[in-house]
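S.K.: Build me a model from this:
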Amino acid sequence: MKIKHLKTKTKIELELGEVDKYIACVNHLDSAISTLHECQDMFMSDLGRLETLRWRLTDLLGLEWNSEKHRYIKEEK
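M.R.: Numbers count the residues shown, from 1 in each chain. Predicted coordinates for the structure are as follows:
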């Protein structure tokens, strides 16, 4: 994966295997949301998948946690 933050856009290049990982994440997210709607409850495995999705997205977008602002921001290089 290659990430480039430009002035007007962010360019992300993924390999085919990485695309498959994100497709799987979207499907896990869909399943967790469906369970929440149907049962108004969440399985711990769904919570783990949501955490995995968060970490993969922060990696994909080149984000880092800023403890002063209590949010993710673009990595400063």
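
S.K.: Low-confidence stretches in this structure?
M.R.: Screening the chain residue by residue with the criterion pLDDT under 70, one finds the ranges 77.

S.K.: quick one, strands of the protein?
M.R.: When assigned using DSSP state E, the strands of the chain occupy the ranges 2-5, 10-13, 63-66, 71-74.

S.K.: wait, which of these is closest to residue 41?
M.R.: strand 71-74 (27.5 Å; CB to CB). Placement of C-beta: from N, CA and C, glycine included.

S.K.: quick check: longest helix of the chain.
M.R.: helix 16-39 (DSSP state H).

S.K.: From the contact counts, what lies against that one?
M.R.: helix 44-60 (3 or more CB pairs under 8 Å, 6 or more residues apart in numbering; DSSP states H and E).

S.K.: what angle do the helix it packs on and helix 16-39 make?
M.R.: Relative orientation of helix 44-60 and helix 16-39, computed by axes from the mean of the first three to the mean of the last three CA atoms, to 10 degrees: 140 degrees.
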